[in-house]
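Asker: Sequence and predicted model, in that order:
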Amino acid sequence: MRKGLLLGLALLLMLSVASAAWAGGTIKLAVMEPLSGTFKDIGDRYLEGVKYAAEVLNAKGGINGMKVEVIAVDSELKPAIATRKATKLIMKDGVKYFCGGTGSSVGGAMSVLAKNQGALFYTYGMAAASLTGAKCSSNFFRACANTDNQSYALAVWVAQQGFKKVFCLAQDYSFGKEAVAAFTKKLAELNPEAKVVGTALHPIGTKDFAPYVSQIISSGAEVVFTSNWGSDLTLLIKQAKPLGLKAKFACYYLNDENAITAIANDDAVLGSQAVEEYMLTIPGKANEEFIAGFKKAKGYYPTWLRGKAYLATMFWAEAVKKAGSAKVSDVIKAWEGLSYDGPAGTWTMRACDHQVLMPMWTATVVAKNPFFKHAYVGPATMVPSAKVQVPCKDTGCKGLK
Amino acid sequence: MASQNAVLHRVGLALALALLLVMPWLLGSYQLRLFTEAVIFSLYAVSYNMLLGYAGLLSFGHAMFFGWGAFSFAVALNHFPGIPLFGAVALAMASTTVMGLVVGVLLLRVKGTPFALLTLAFNALVFAIGIKWHSVTGGDDGLSIACPPLNLGFTALNVSHGANLYFFTLVIVGAAIAFAWYFTRTAMGQSVLLIRENEERMRFLGYNTNVSRLILFVLSGALAGLAGSFYAILNSFVSLDAVSIEMTTKVLLMTFIGGTGQFLGPVVGAFFFTYVQNYLSDLTDNWPLIMGALFIGMVLWVPGGLAGLAAKLSGGRKQGDQDGTLAGME
């Protein structure tokens, strides 16, 4: 009797200690974003999305009882700086989870670091296909679209519209080239009659788009595919209309209210097409609830980057929840093959390369919308995941190392 | 007295060496990584000071060697599977040497401001190669490295992190710094110093000053390339950061802060910069502003740098290793 009592007491004590450690624990998530310099605005918006996800998770009692602590880290958009700061967090503060959305070079460096240090990095914005291709790693997850997915979705739209003459314009660096290559490849598959009547690559930070616009006009293109971002997107569209371009744009990044306000001419942007994995205008109750909750908490809408970072972080949280522990190896195992039903549809993490399989959403810019006084994307149309994916064998990922 | 000084010197050196050897047991893993980084940057700064301090050549493009070394190392590992670690390091150094020779032949005809501006232009050229030649360099995405183990014959060591990386760096990079010091003591090294002081006279004495300067330029580049390849090992990744203007600015700051007038000045500067940057970047995102102000302050009020200041305060040798002159600043 006494023995049994003692054993029971010991068990109770062990359980209480274990549950105290479990309930009292926090799971640290470092957000590697450019929080100073030219791309501060991008980094800030991503960070807001991750922070809101942590608030939502913590309000529900955390993940498996663990509160999520967000640590904002200024990556300065430099791989060496980002990895140095991350190394410090790993070695001194025991941080094991990292995320980021800006700069594929930062992603590549963080992927290597995560592998070497037994940490996990997930991205909600780094688009270079090679990150889950030739550079794929067991400790790197992409919970967002890559260049192939986005270009494919736009190719689907261009093919559906029946455009016969397409012009491709992109920034002259690896991202722009990758985007154009994927788009032309998919378009040729979907509609062999559609012709790419011209391709131009311009330097990043171009101020005068007149020569390129003239080239587009003379090519007779009906639509212009562009993966441009930042001022290269806004100046291009701003200058195109006064120069007489009638063709519409099929853009990577027009789902951004800041870009549309920077163009400052709704007429120039109306009718152009945007593509993303998350948009405010995705139909469904889940998205409505997310938007309402975010707006109530922050006072503004979870547009574009905020929504992307939120969704990816909630997906990561699902993986931690399923793993039942904060151990990186358990979370990696749990995330592989996991599905998440969120505001942007059902996402599944592919085990072979850690690239999420997700539907893409395309929308045309319209004048009237429920969110802003200026033009913004209209109702979003889904492009099913199967239409925008690259089969595992073609990604270049030779097994997760 | 002199022999007493020599004994003290030797005891100090032995103590410093002993301290370096026990570092992994004294420092935590992050501090050890930081220390390793400082050792690598020490070589980078020492190589730069061979140009600036010894030859009086102000270069705005030293990152081209550092980055070239880092990329050559990464390219060797990525494109020649099975290449041993030393093979990749040797290849990186060799390619940087060749590059130094080519650039040097073109550049060393000019001096002063034209030389400084041309080095800047060459740095931009190498940067452009890095960004454009995507299939080889990875462009802006950079290159990941899977560092092969160091084969010692009887065992294979993983030198990609921790104490193994530290000792590997200490031995190779330390030897390179020691060689640079030795070189400055040789007749060849001294002749460069004299060329800086009075080139015309050296010519009259029968020296081919262009050849002497070229040898120094190539050696300086090769050492920077070696530092670059270790930087790649440290980060297991190479990006365009390594060949950027910021990397040139970094070495300029390290060297000026440490002091150009003494051989160990850049080493002091490299350690100071690495640790202060690490500390400041935790406090504020605007740390480059503080470093910039510090740089201006050092140039204006402490032209001898930290090493010069230390020498002055200790009241020791009034003459620096380079005859007390502030090389490159006349």
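Answerer: Structure's in. What do you need?
Asker: Strands of the stretch 51-200 of chain A, start to end?
Answerer: For the stretch 51-200 of chain A, the strands defined by DSSP state E, counting those that start in this stretch occupy A:67-74, A:97-100, A:120-123, A:140-142, A:165-171, A:195-202.
Asker: The third one vs chain B: in contact?
Answerer: Read it as strand A:120-123. No - with Cβ under 8 Å from any Cβ of the partner chain as the criterion, chain B is not reached by strand A:120-123; the gap is at least 12.6 Å. To be clear about C-beta, it is placed using only N, CA and C from the backbone, and glycine gets the same treatment.
Asker: quick one on the thing from earlier: now the strands of the stretch 51-200 of chain A as CSV including mean neighbour count and distance to residue A:343?
Answerer: Shown next, in CSV, are those (neighbours: other Cβ atoms under 10 Å in any protein chain shown; distance: least, Cβ to Cβ, whole Å):
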stretch, mean neighbour count, distance to residue A:343
strand A:67-74, 18, 19
strand A:97-100, 26, 18
strand A:120-123, 28, 18
strand A:140-142, 29, 19
strand A:165-171, 23, 30
strand A:195-202, 17, 34
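Asker: want to throw these into CSV with mean pLDDT?
Answerer: Compiled in CSV, the strands of the stretch 51-200 of chain A are given as follows (pLDDT from 0 to 100):
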stretch, mean pLDDT
strand A:67-74, 95
strand A:97-100, 97
strand A:120-123, 97
strand A:140-142, 97
strand A:165-171, 95
strand A:195-202, 95
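Asker: Which of these sits closest to residue A:294?
Answerer: Distance to residue A:294, taken as Cβ to Cβ, is lowest for strand A:67-74 among these, at 15.7 Å.
Asker: which helices and strands does the closest one pack with?
Answerer: Counting contacts by 3 or more Cβ pairs under 8 Å, 6 or more residues apart in numbering or on different chains; DSSP states H and E, strand A:67-74 packs against strand A:26-33, helix A:40-59, helix A:79-93.
Asker: and the longest one, which residues are buried?
Answerer: Buried residues in helix A:40-59, counting neighbours by 16 or more other Cβ atoms under 10 Å in any protein chain shown, are found at A:42-43, A:45-58.
Asker: Next: the shortest one.
Answerer: Judged by neighbour count (16+ other Cβ under 10 Å), strand A:26-33 contains these buried residues: A:27, A:28, A:29, A:30, A:31, A:32, A:33.
Asker: Please list all residues in contact with the closest residue in space to the last one that isn't next to it in sequence.
Answerer: Right, residue A:33. Sequence neighbours aside, residue A:43 is the residue nearest to residue A:33 in space, at 3.3 Å (criterion: Cβ to Cβ, 6 or more residues apart in numbering or on different chains). With contacts taken as Cβ atoms under 8 Å, 6 or more residues apart in numbering or on different chains, residue A:43 has the following neighbours: A:33, A:34, A:35, A:74, A:75, A:102.
Asker: please redo it, this time with the cut-off set to 6 Å
Answerer: By Cβ atoms under 6 Å, 6 or more residues apart in numbering or on different chains, the contact set of residue A:43 is A:33, A:34, A:35, A:102.
Asker: Quick check, pLDDT for the last one.
Answerer: In the predicted model, residue A:102 carries a pLDDT score of 90.
Asker: List the contacts of the one residue sitting closest to the centre of chain B.
Answerer: With distances taken as Cα atoms, centre = their mean, residue B:44 lies nearest the centre of chain B, 1.2 Å away. Residues in contact with residue B:44 (Cβ under 6 Å, 6+ apart) are B:66, B:224, B:227, B:251.
Asker: Same question for residue B:268.
Answerer: B:258, B:306, B:307.
Asker: And the contacts of residue B:44, which is closest to residue A:284?
Answerer: Nearest member of those to residue A:284, counting by Cβ to Cβ, is residue B:66, at 52.2 Å.
Asker: From residue A:383, how far off is the residue nearest to residue B:251 when sequence neighbours are not counted?
Answerer: Nearest residue to residue B:251, sequence neighbours excluded (Cβ to Cβ, 6+ apart): residue B:48, at 4.6 Å. To residue A:383, residue B:48 is 53 Å away according to Cβ to Cβ, to the nearest Å.
Asker: One more: residue B:280?
Answerer: 47 Å.
Asker: follow-up on the earlier one: so of the buried residues of helix A:40-59, which two are at opposite extremes in space?
Answerer: Across these (Cβ to Cβ), the longest gap, 25.0 Å, separates A:42 and A:58.
Asker: what residues are up against residue B:232?
Answerer: By Cβ under 6 Å, 6+ apart, the neighbours of residue B:232 are B:70, B:73, B:74, B:145, B:238.
Asker: Which residues of the stretch 201-330 of chain B lie near chain A?
Answerer: Within the stretch 201-330 of chain B, the positions near chain A by Cβ under 6 Å from any Cβ of the partner chain are B:235, B:236, B:237, B:239, B:241, B:285.
Asker: from memory the fourth one sits against residue B:140, does it?
Answerer: No - between residue B:239 and residue B:140 no contact is recorded; they are 7.6 Å apart, counting by Cβ atoms under 6 Å.
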